[in-house]
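1. here is my input; please provide its structure:
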Amino acid sequence: MAEFTVHGYTFIRSGECVQCGACGCERDGCPHFAYKQGVPYCKIYNRRDAYCNTCGMTHQGCIDYPDNPWIGRVRDGGCGFTFERADEGSMDELPFLYGQNWYRGG
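-> Numbers count the residues shown, from 1 in each chain. Now for the predicted structure:
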C-alpha cells in the first residue's frame, strides 16, 4: 500500500501493477515495453528501480504510477491498483467527479 495526496485529498493505493502500459510506456515508445501474445508487459518490471542506461534514469515514475484515482485507466478498472480515501469518505463525493459515477471494481 502507498499513500498519495492529490488536490488536497489523501488516498491509499492498494493492488498491484498488471503491466497495462497506461503509465505512458506504450504511448511514449519505451524500449522496455512490449507485447507477448497480444498482452502488454514491461521487460524490466522486476528491475525497474535500477538505473537504466537506455533511459538515463531509474524508472521511479513507473513505480509511483498511478498516483491518483482520476486517471482513466484506474477509473475504468483496467488498472490493477485501486484507491480509497484515507479519511474514509466516499469517492463519489469528490468535487472533481461530480456527475460521474466512480468505478467500484468488478
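
2. show me what Cys42 is bridged to.
-> Note on Cys42: beta-bridge partners by DSSP bridges are Phe33.

3. could you pull out the strands for the protein?
-> For the chain, the strands defined by DSSP state E occupy 2-6, 9-15, 33-36, 39-42, 81-85.

4. got the angle between the first one and strand 9-15?
-> To tie it back to what came earlier, the one meant is strand 2-6. 150 degrees (axes from the mean of the first three to the mean of the last three Cα atoms, to 10 degrees).

5. just checking: what are the partner strands of strand 2-6?
-> Partners of strand 2-6 in the sheet, by DSSP bridges, are strand 9-15 (antiparallel).

6. do the last one as well
-> Strand 81-85 sits in its sheet next to strand 9-15 (antiparallel), going by DSSP bridges.

7. buried deepest among the strands of the chain, which one?
-> Mean neighbour count (mean count of other Cβ atoms under 10 Å) peaks for strand 81-85 among the strands of the chain, with a mean of 18. Glycine gets a C-beta too; all of them are placed from N, C-alpha and C.

8. quick check, distance from it to the centre of its chain.
-> Its chain's average C-alpha position is 10 Å from that of strand 81-85, according to Cα atoms, centre = their mean, to the nearest Å.

9. for stretch 12-32, same thing?
-> Taking Cα atoms, centre = their mean, one finds stretch 12-32 lying 7 Å from the centre of the chain it belongs to.

10. can you count the residues close to Arg75?
-> Neighbourhood size, Arg75 [other Cβ atoms under 10 Å]: 17.

11. correct me, but it touches Pro69?
-> Yes: using Cβ atoms under 8 Å, Arg75 is in contact with Pro69, at 7.0 Å.

12. for the most centrally placed residue in the chain, which non-adjacent residue is spatially closest?
-> In the chain, the residue lying closest to the centroid (Cα atoms, centre = their mean) is Pro66, at 2.4 Å. Ranked by Cβ to Cβ, 6 or more residues apart in numbering and with sequence neighbours excluded, the top spatial neighbour of Pro66 is Val74, at 5.2 Å.
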